[in-house]
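> Would you be able to build a 3D model of this:
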Amino acid sequence: MGTERGLLIVLSGPSGAGKSTVIGALMRRRSDIRFSVSATTREPRPGEVDGVNYFFRTHEQFAQMLAQDAFLEHAEYVGNHYGTPSAPVEENLNAGYHVLLEIDVQGAAQVLQKRPDTVSVFLCPPSMAELERRLRGRGTDSEEKIQGRMDRARREYALAKNYAYIVVNDDAEKAAAELDAIIMAELCRSEIRLKTIMEGDRPI
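Alright, predicted model coming up:
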């Protein structure tokens with residue numbers, strides 16, 4: 001890696017947007033992306049590994065981290081706490097890697113408040129009808145749960161205007177290519193390029 005500090009990238013989108021698939025395609029395109037690992041107080045599920053899937057912490061440990069302002073963002077869901085630890089994010093950014101956070105709209109708002117330089121991207125299907133089709137296509141959710149996800153998606157779509165970029169996922173590889181282009185555009189910003197050329201180092 002070069003000596004340039006990496007970009008902090010936040011990706012949000014409704015359930016069914018295809019975030020995991022697009023992120024996988026992006027990481028196959030770029031070797032300089034690191035996916036942020038969240039901390040949680042919930043119990044590990046079979047096959048999950050501490051430090052890989054999540055940083056598994058007790059409620060007491062999580063509360064101590066909160067008191068130390070050790071999170072970029074955090075939330076409580078169904079009695080458990082979730083959050084993005086700042087330390088590993090900063091470590092990767094300082095090493096020149098671009099760090100990708102896949103978080104919901106509330107978490108993204110917290111990160112943007114703390115770090116206004118964050119690159120924010122909202123990922124969504126081409127239409128609400130397509131989103132509903134994808135949710136039904138899973139065949140795993142009840143009608144009540146599908147309608148709940150659709151209601152939440154409408155609330156999330158209303159906040160899409162707060163993001164710097166919107167990527168429409170009608171094809172995962174195309175969406176990943178757009179994300180790649182966003183990263184390249186951000187790296188070409190004058191404040192980054194001028195610093196680089198004045199120091200005689202080529203951008204990543």
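
> give me the low-pLDDT residue ranges for this structure?
Residues of the chain meeting the criterion pLDDT under 70: 1-3, 200-204.

> hey, where'd the strands end up in this structure?
Per DSSP state E, the chain carries strands over the ranges 8-12, 33-35, 39-40, 55-56, 71-77, 80-85, 98-102, 119-124, 165-168.

> So for residue 181, which of these sits nearest?
Residue 181 lies closest to strand 165-168 among these, at 9.6 Å (Cβ to Cβ). Where C-beta positions appear, they are placed from N, C-alpha and C, glycine not excepted.

> Packing partners of that closest one?
In terms of contacts (3 or more Cβ pairs under 8 Å, 6 or more residues apart in numbering; DSSP states H and E), strand 165-168 is packed against strand 119-124, helix 172-187.

> strands paired with the first one, and their directions?
When pairs are called by DSSP bridges, strand 119-124 turns out to pair with strand 8-12 (parallel), strand 165-168 (parallel).

> Output those strands in CSV, with mean neighbour count appended to each entry.
Shown next, in CSV, are the strands paired with strand 119-124 (neighbours: other Cβ atoms under 10 Å):
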stretch, mean neighbour count
strand 8-12, 24
strand 165-168, 18
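
> To residue 116, which of those lies closest?
strand 8-12 (10.5 Å).

> so the closest one versus strand 80-85, what angle?
Per axes from the mean of the first three to the mean of the last three Cα atoms, to 10 degrees, the angle that strand 8-12 makes with strand 80-85 is 150 degrees.

> can you give me the angle strand 8-12 makes with strand 98-102?
Relative orientation of strand 8-12 versus strand 98-102 (the same axes, to 10 degrees): 20 degrees.

> which residues sit against strand 8-12?
Identification of contacts with strand 8-12 by Cβ atoms under 8 Å, 6 or more residues apart in numbering yields 19, 23, 89, 93, 98-105, 107-108, 111-112, 115, 117-123, 156, 163, 179, 183.

> repeat that with 7 Å
If you take Cβ atoms under 7 Å, 6 or more residues apart in numbering as the criterion, strand 8-12 is touched by 19, 89, 93, 98-105, 108, 111, 115, 118-123.

> got it, and stretch 44-63?
Against stretch 44-63 from outside (Cβ under 7 Å, 6+ apart): 37, 38, 39, 40, 41, 81, 85.

> rerun that using 8 Å as the cut-off
Stretch 44-63 is contacted from outside by 37, 38, 39, 40, 41, 42, 43, 65, 81, 83, 85, using Cβ under 8 Å, 6+ apart.

> how far out from the middle of the chain is it?
With Cα atoms, centre = their mean, to the nearest Å as the basis, stretch 44-63 stands 18 Å off its chain's centre.

> Next, the buried residues of that stretch.
Going by neighbour count (16 or more other Cβ atoms under 10 Å), the buried part of stretch 44-63 is 54, 55, 56, 57, 62.

> Which stretches in the protein count as helices?
19-29, 59-67, 86-94, 105-114, 128-138, 143-157, 172-187, 190-198 (DSSP state H).

> Out of the buried residues of stretch 44-63, flag the one nearest to residue 4.
residue 55 (27.0 Å).
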